[in-house]
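K.L.:
Build me a model from this:
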Amino acid sequence: MGLGLWPASFALAMLVLPLPAPAALGGKAASVQADQLHMNGTLRTAAVGQYTQYEIQLPSGTLVREYVSSAGVVFAIAWEGPSLPDLRQVLGAYFAQYVEAAGTPGSGPRIIQQPGFVMHSGGHMRAFFGKAFIPQLLPQGVSPDDIH
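P.N.:
So this is what the prediction gives:
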């Protein structure tokens, strides 16, 4: 009888235990590769002053940059290219705030400025751009203008 419970217990544990989260805005840096795999892109890394910049080149030509502080937290993301990246993936827990603040979908620019979440995006077909960051997580000496 004990062995018969093992498969059910294992299945229940897999549903309850947290899985590694992608390196989304506000997430940990250790899983940047999860984003790379999810978006099927190529990854380049560069140390820039007080943070590390991870660039993921998507097959579509879109470039996604993830900015990671020395504390190992993704404090900003940026993108540019012919298509939008998977915003649900890169915004992570902030995706709901984006959807709520953006209102109805449209082709115009989006500027969201909330105390804990800032996002600027715009463009048109084949030329999208944007950035999102958490103001409280910006490393000392790093300005929102440094995110691009």
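
K.L.:
which residues in this structure form strands?
P.N.:
Along the chain, counting by DSSP state E, strands occupy 42-48, 51-57, 63-69, 74-81, 110-114, 117-124, 127-133.

K.L.:
nearest to Ala93, of those?
P.N.:
Evaluated with CB to CB, the strands of the chain place strand 117-124 nearest to Ala93, the distance being 9.7 Å. No exception for glycine: its C-beta is placed from N, CA and C like everyone else's.

K.L.:
Give the other helices and strands that that closest one contacts.
P.N.:
Where contact means 3 or more CB pairs under 8 Å, 6 or more residues apart in numbering; DSSP states H and E, strand 117-124 is packed against helix 95-102, strand 110-114, strand 127-133.

K.L.:
so which of these is the most packed in?
P.N.:
Of the helices and strands packed on strand 117-124, the one with the most neighbours on average (mean count of other CB atoms under 10 Å) is strand 127-133, at a mean of 19.

K.L.:
ok, back up a step: out of the helices and strands packed on strand 117-124, which comes closest to Asp145?
P.N.:
Each of the helices and strands packed on strand 117-124 has some distance to Asp145 by CB to CB; the shortest is strand 127-133, at 10.0 Å.

K.L.:
Can I get that closest one in PDB? Just the C-alpha atoms.
P.N.:
Output in PDB follows, covering the C-alpha atoms of strand 127-133 (Å, rounded to 0.1, in the frame of the first residue of the first chain):
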ATOM      1  CA  ALA A 127       9.600  48.700 -35.500                       C
ATOM      2  CA  PHE A 128       8.700  48.200 -31.900                       C
ATOM      3  CA  PHE A 129      10.600  49.500 -28.800                       C
ATOM      4  CA  GLY A 130      10.100  49.800 -25.100                       C
ATOM      5  CA  LYS A 131      11.500  49.500 -21.700                       C
ATOM      6  CA  ALA A 132      10.200  48.800 -18.200                       C
ATOM      7  CA  PHE A 133      11.800  49.200 -14.800                       C
END
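
K.L.:
what lines up beside it in the sheet?
P.N.:
Partners of strand 127-133 in the sheet, by DSSP bridges, are strand 74-81 (antiparallel), strand 117-124 (antiparallel).

K.L.:
Check the average confidence over the last one, would you?
P.N.:
The average pLDDT within strand 117-124 is 93.
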